[in-house]
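> Sequence and computational prediction follow.
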Amino acid sequence: MKFISAIIKPHKLDDIRNALQDEGVHGMTVSEVKGFGRQGGHKEIYRGAEYAVNYVPKTKIEVAVADDIADRVIELIRDKANSGQIGDGKIFVFELSEVVRIRTGETGGEAL
Amino acid sequence: MKFISAIIKPHKLDDIRNALQDEGVHGMTVSEVKGFGRQGGHKEIYRGAEYAVNYVPKTKIEVAVADDIADRVIELIRDKANSGQIGDGKIFVFELSEVVRIRTGETGGEAL
Amino acid sequence: MKFISAIIKPHKLDDIRNALQDEGVHGMTVSEVKGFGRQGGHKEIYRGAEYAVNYVPKTKIEVAVADDIADRVIELIRDKANSGQIGDGKIFVFELSEVVRIRTGETGGEAL
Amino acid sequence: MTRRGIHFCMGVLALAFLNAFPAAAFAADSALDTGDTAWIITATALVLFMTMPGLALFYGGLVRSQHVLSVLMHCMAIACLASVLWIVGVYSLAFGEGNAWIGDLSKIFLSGVTGSTQSGTIPEGVFFMFQMTFAIITPGLIVGAFVERVKFSAVMWFSGLWLVLVYAPVCHWVWGGGWLADMGVLDFAGGLVVHATAGTSAIVFAKMLGERKGFPTELRPPHSPSMTMIGACMLWVGWFGFNGGSALAANGQAGMAILVTHLSAATASLVWMSIEWIKYGKPSLVGLVTGAIGGLATITPASGFVGPIGGLVYGAVAGVVCFYAVQLVRHKLKIDDSLDVFAVHGVGGILGTLLAAFFAVESLGGVGLAQDVTVGAQFSVQVIGVISTVVWSAVASIIILLAIKKVIGLRVDAEAEQTGLDITSHGESAYEY
Amino acid sequence: MTRRGIHFCMGVLALAFLNAFPAAAFAADSALDTGDTAWIITATALVLFMTMPGLALFYGGLVRSQHVLSVLMHCMAIACLASVLWIVGVYSLAFGEGNAWIGDLSKIFLSGVTGSTQSGTIPEGVFFMFQMTFAIITPGLIVGAFVERVKFSAVMWFSGLWLVLVYAPVCHWVWGGGWLADMGVLDFAGGLVVHATAGTSAIVFAKMLGERKGFPTELRPPHSPSMTMIGACMLWVGWFGFNGGSALAANGQAGMAILVTHLSAATASLVWMSIEWIKYGKPSLVGLVTGAIGGLATITPASGFVGPIGGLVYGAVAGVVCFYAVQLVRHKLKIDDSLDVFAVHGVGGILGTLLAAFFAVESLGGVGLAQDVTVGAQFSVQVIGVISTVVWSAVASIIILLAIKKVIGLRVDAEAEQTGLDITSHGESAYEY
Amino acid sequence: MTRRGIHFCMGVLALAFLNAFPAAAFAADSALDTGDTAWIITATALVLFMTMPGLALFYGGLVRSQHVLSVLMHCMAIACLASVLWIVGVYSLAFGEGNAWIGDLSKIFLSGVTGSTQSGTIPEGVFFMFQMTFAIITPGLIVGAFVERVKFSAVMWFSGLWLVLVYAPVCHWVWGGGWLADMGVLDFAGGLVVHATAGTSAIVFAKMLGERKGFPTELRPPHSPSMTMIGACMLWVGWFGFNGGSALAANGQAGMAILVTHLSAATASLVWMSIEWIKYGKPSLVGLVTGAIGGLATITPASGFVGPIGGLVYGAVAGVVCFYAVQLVRHKLKIDDSLDVFAVHGVGGILGTLLAAFFAVESLGGVGLAQDVTVGAQFSVQVIGVISTVVWSAVASIIILLAIKKVIGLRVDAEAEQTGLDITSHGESAYEY
Ligand SMILES: Nc1ncnc2c1ncn2[C@@H]1O[C@H](COP(=O)(O)OP(=O)(O)O)[C@@H](O)[C@H]1O
Ligand SMILES: Nc1ncnc2c1ncn2[C@@H]1O[C@H](COP(=O)(O)OP(=O)(O)O)[C@@H](O)[C@H]1O
Ligand SMILES: Nc1ncnc2c1ncn2[C@@H]1O[C@H](COP(=O)(O)OP(=O)(O)O)[C@@H](O)[C@H]1O
């Protein structure tokens, strides 16, 4: 199994979620993160003084999938999250040793 | 070493933390996440209009453990987090290549 | 490639970010987490009653790097985050199977 | 003596309740009354507080978190702009002698007014300030129609032009001794002048601006119902100044106006809450306070004329009607009047103006209509008032908006809408925790 | 002339300070005073603002974030309900002629009252409104006892019944010309009528409802001390209307009432802060403002009778006593009166009522007791007032709660308590950032 | 009769506008005026609300989230301390007869003052309370200079000593019948007494305390601009009480003071907003409200003397000057007067005091200078007032701070600064979501 963690622009979330759902991926965990990257933060000016906001608000999507559909899912995320602009984000892929569905105790592929 | 990441219902946190502590696991990192899964979100109705809140607030627990107690820890989490209802969450298990305790510089098992 | 996830004290973030940047690491993702560990939380007293705040606010840094500089990066983080006091945090290192830069579609080392 | 004084003498004091109140008198030569002055200064503070921060918070809590500062900014900047325009000339256009349609320029920059100039029993400076707070909140109300997507420069231009082209004339017609005042229209504190004008222009603005992305099915819930509740409370309490202050004296009429205002708000809140409880199983805070605002807007035109029972009935009717008006605009008309300005303020103000013809009569606990005026006759006048106000507000707003659209545009681009007006228009973000 | 007027004439004006104040006079034939009217309208706005949003925010900041909207909702909905019940009949029961125990139904729906009806030197509509704001905040205070676990429908039923069965009679006894007034009990602005009734019923409610999961060791800290502080400030400033307005005139008594109110609050704040500083090493904001509320509640019954030194002493005593009362209820009685309503309001109100017998005497800077009344005699009356109020409030509350428990239940289930009343009872969440 | 009364008689009423206002009269034998009393009680509530919670929120929103409670705590604790000190003796030092330099101890603990003691047409208790709210907010303003790093105990000691050594004498000089009053200095509501003293002491404090880590390039943005905006609105509306109440009567002067106050604030807001819009492309909410406070501080000393046009000009000048003063202090002087107390309040108050000599003349719409006083002569007096106030405030503050630094220290350690004063000094955190 693969565990895919993607850093995306916040407003892409809805599109990606819809696309994944259509693909049959029914679970996903999302959190708010701050991104530092090529895309710099912005400056806020208060009372004439500059304040450097170095980070950019980003959204992290985490989804565990079976090996066979991993590539398809990565492709989908890439496709939906891509606007061709700096700051579009990254996708990280990990090996997942095990997964357990708490409610039922199912493990492995069945638990996804 | 194993790195266990569990998505649970927020109000189960205290029980799980206590159980882990009893088991001799002394460290744990927790964050707030939004879960999308079988358990749908809820609808909020404002001024008669429906707003779809698709996600459910969840808590993510992360704990790194030695290989030998990994199964026991997973079992414990499963046990405490389980209410038999949809939305109870999932446990993801990863191989952990290395761990360093920042204060002392210890690595591997000693750093846990 | 390695994926390094470090739990640090919040006020160390700026130093670490600067150090990493000097080292040529240009991306990093940061989130706010709650830490449970040897360093206990604190007590807040309201109207004479004690409230136990068990956790300590921590910052999680995530950074994906090529294998060759991984050790250097870990060393750097350890160095900057270390104050010699309990609660300084931990560094977790994972194998990263794949990484994709969303904007360009680059994968592997080029995507970092 | 201001035209409003004249209006009151002719349109209101001539009513049967002349006997009912101690001669609170608007004669130019009456002495300054410190009690009346104390109350109207206080009322002025209350009504200003309604906009800054009341209305701003009420609206701010209802939008998404990346737009909240822009809403606060709209309300504040409009307040400042309206204040300056008011002294530059809008006050004079509204309350200057003039003719039946519009005032004159005799009072621009308050020329001739000093600390010792009186208007009725209070200093004219205080009358000026009290009326100014109405000219501040009225364009402020329209903000609810265009949140989360409007250009800031368009807001400023629109508000300025609107004050001159809509507020000044309608205010003159009704309160400045204009033609509607001559007909004896009943609008104690602004059902027409404030709520009908703002509500109508709001829905026109929303329509011309277009809807937010995701409207109506994919919207996010209000980001801070507690902020909305705080604002609603400030509006509610401030409304004591709004309606009670419109008596321009600290007397029984002011007291009764406050009483019916409060009862209408309380009743409308309970009614809205009950509808939600029955329909959805859960009564919401946002619903309750929306009901309150509906009840307040509705009683406004009638607050100096009706009795306690009238207040209860107004509230009950307002709760039901505004609730369904919201559904209608959103789901039938499909207009993204985002924070329901028309459905709550417009509909409420119009409804209250029309009902005033009935509930002002003595048998229903009111102060009575003017001598020899039948309910039917009064109702006709009220209808004329509503129609002329709505049509004028709509037409003038369309013209202003077309002009602005042409010259600077009304709307930000899609990415700014998504990222939030706070960062993109004002360079700030609301929650830097 | 209202019974309250009569009460004042007999119980208060007959006191030695008759000479000290210009005849603020409650004679039915005195002319309307615009200054008094201006002040009491303002005081009404201030006291309403104490509940909406003051008290709501004070309490809202102290609960966990998943319950904050429910607290705001309780306060708002109770305010609306109390307003409607007040006009329907509770005002009449409290202030109608009636007998020594309860008023009558002569004023239901304010029958017979118009804009020109006076009560003392102010319109009766204003007197009605001012008193209404007391009937709003009193059941609102009880909210602090049952937060985070109560059923919303139970809140509504309790509050309605409580107003009729507890507030109306006790108010009549003390302010409406009832038997305690006849005995000459001193309660200027509600030590008995407001704080003792609410505090007692609160602890009874908390006991019958049961404690929150985790009480007392595993509780979460207040989720927003700044929200609590904002609410506390609104309560503090609003209390000027509460105590100062109870003079029913803009005179020296009102001024002195405000002065001692403020001094008591400031002193109690410093005392509470100092205790925390000494005991725990860290003075907290929540502690300081809790002290303030304790000081305010305690001075309330005495605010029209004591002098500046009295204000300082009241504050010092209130700070110490309320601090330890909180510990007592929580750790000794182990009752989850969650936001310390009894320990702060109940204890404060009772304490202040008892002390009034001493600090009202002239040698301690007060206005003096009624002629021929000794301190001992006055103290006995105060004790009788306290006991009768506490017992009646407790007994009536128990009966009401038993009935509600039987018919609809008092408490939500454990999961709703954990998930939060905001979502489960009202379908909203407070922080959608 | 208070010395302030005497001051007014000599310094103000002697001015040409004596004719313009009905004898608002401070003669000890004039009757109590309920209207004036109603207004000054209300003004007192408004000014107290400016500090609690207005100023606290204004400042609280500008700091980082881990320090917000400490700011609220500073403001509240100072308010309590100032209240107690005020009655213990500071009032007597400021307004007691005394000599040209300082009052006496004749009124400590308000000795001799009862509910029937008058000051002009209002109870002395009310005059005492109104003035107290000024003594509360003035040290509160200084908080903005030392946020995020100061020791709480140092704040308390400083504020207490400062009230005695700076506020009491300067207040006596200007309003208590002291030497500046004798010279006829114009300071209607506190350009010198409040803003120049606080601003000067603030920058001295900031300099002696040292800058925050990261100043000036690595600072974090204000954590909650909406909190700041709420506070600003409360300050703005409260300022009606501040300036309007300083007429000590509900008359035309009060009305005109409020009018020019509002116009100055509105104009300064628009000016600041426009500068930002032009310079940075984005007008910010924090900027707009900072402009407002600048406009309010600047008009304060002149608010009872200038006309509408004066109000507009004051606002325009204040907007520009305060904007650049902020840059100057931060980037040229490199002093971490963190929330710009000197640049906004100090500069504004001084500017307004100096300009008063010009805009009070009748040809510029003012009420006119005292008979036989030329603009030049008046300006010299204003300059003397400014210099003596600034020098005294600076010197006394330095002495107080050196003493505190020696005995208990001024600053927390670096880790506490980073972790936040909320947890480290007060054991609380602001956002427990
Ligand atoms: N090496 C990395 N490790 C962890 N996160 C990264 C890394 N590089 C980039 N990111 C995340 O991806 C986001 C987008 O990266 P950025 O460099 O801004 O854009 P792009 O990938 O289009 O060049 C960053 O804000 C950061 O959150
Ligand atoms: N494939 C997945 N990848 C990542 N997170 C998941 C995945 N499936 C479920 N989750 C997380 O687990 C939570 C519970 O899943 P859900 O389907 O609602 O319940 P259950 O596991 O009991 O069927 C989700 O809210 C989501 O946060
Ligand atoms: N086994 C673990 N798994 C996950 N996170 C851990 C673990 N041990 C410690 N942590 C994280 O590291 C932080 C610091 O650990 P702590 O025990 O307090 O200090 P130290 O590492 O200096 O002994 C904790 O707050 C927690 O967030």
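Happy to help now that I have it. Numbering: from 1, shown residues only, chains lettered A, B, ... in the order given. Ligands and ions are numbered 1, 2, ... in the order given.
> going forward, measure contacts between C-alpha atoms and count neighbours the same way
OK.
> The longest helix along chain A: which residues count as buried?
Assignment by DSSP state H gives helix A:67-81 as the longest helix of chain A. Neighbour-count burial for helix A:67-81, counted by 16 or more other Cα atoms under 10 Å in any protein chain shown, picks out A:70, A:73-78, A:80-81.
> cool, and stretch D:99-114?
The neighbour-count check on stretch D:99-114 (16+ other Cα under 10 Å) flags D:100-110, D:113-114 as buried.
> And the contacts of the longest helix of chain A?
The contact list for helix A:67-81 (Cα atoms under 8 Å, 6 or more residues apart in numbering or on different chains) reads A:1-2, A:4, A:8-9, A:12, A:15-16, A:19-20, A:23, A:88-89, A:91, C:102-103, C:105.
> mind running it again at 7 Å?
For helix A:67-81, the external contacting residues (Cα atoms under 7 Å, 6 or more residues apart in numbering or on different chains) are A:1-2, A:8, A:12, A:15-16, A:88, C:102.
> Beyond that helix, next helix or strand please.
Beyond helix A:67-81 in the direction of the C-terminus, DSSP states H and E gives the next helix or strand as strand A:90-95.
> and the direction of that next one versus that of strand C:90-95, what angle?
For strand A:90-95 against strand C:90-95, the angle by axes from the mean of the first three to the mean of the last three Cα atoms, to 10 degrees is 80 degrees.
> wait, does strand A:90-95 contact ligand 2?
No. Looking at strand A:90-95 against ligand 2 by Cα under 6 Å from any ligand atom, there are no contacts, and the closest approach is 12.3 Å.
> Next secondary structure element downstream of that strand?
Next helix or strand after strand A:90-95 toward the C-terminus (DSSP H and E): strand A:98-101.
> Chain neighbours aside, what residue packs nearest to the closest residue to ligand 3 within chain D?
Nearest residue of chain D to ligand 3, counting by Cα to the nearest ligand atom: D:Tyr433, 19.6 Å away. Distances taken as Cα to Cα, 6 or more residues apart in numbering or on different chains put F:Ser65 closest to D:Tyr433, at 5.6 Å, once the chain neighbours are dropped.
> is the longest helix of chain A anywhere near ligand 1?
No. For helix A:67-81, no contact with ligand 1 is found by Cα under 6 Å from any ligand atom; the gap never falls below 10.4 Å.
> how close does the residue in chain A that chain B sits nearest to sit to A:Arg101?
Sorted by distance to chain B under Cα to the nearest Cα, the residues of chain A start with A:Gly27, at 4.2 Å. Computed as Cα to Cα, to the nearest Å, the A:Gly27 to A:Arg101 distance reads 11 Å.
> Residues of chain A that sit close to ligand 2?
Listed as neighbours of ligand 2 in chain A under the rule Cα under 6 Å from any ligand atom: A:27-29, A:62-65, A:101, A:103, A:112.
> what's the farthest-apart pair in these?
Spatially, the most separated pair among the residues of chain A next to ligand 2 is A:Glu62 and A:Arg103, at 19.7 Å (Cα to Cα).
> D:Ala56 touches D:Met73, doesn't it?
No. Counting by Cα atoms under 7 Å, D:Ala56 sits too far from D:Met73 to count as a contact (8.2 Å).
> Mind checking which of the two has more residues around it?
D:Ala56 (32 against 24; other Cα atoms under 10 Å in any protein chain shown).
> Tell me the pLDDT of D:Met208.
D:Met208 carries a pLDDT score of 98 in this model.
> Spatially nearest residue to D:Met156, not counting backbone neighbours?
Among residues not flanking D:Met156 along the chain, D:Ile78 sits closest, at 6.7 Å (Cα to Cα, 6+ apart).
> That neighbour in helix, strand or coil?
Following DSSP: H, G, I helix; E, B strand; the rest coil, the label given to D:Ile78 is helix.
> Give the full set of residues in contact with it.
D:Ile78 sits next to D:136, D:140, D:156, D:159 when contact means Cα under 7 Å, 6+ apart.
> Quick check: it vs F:Phe158, distance?
40 Å.
> Which one of the residues in chain A is closest to chain C?
Per Cα to the nearest Cα, A:Gly37 is where chain A lies closest to chain C, at 4.2 Å.
> Noted, bye for now.
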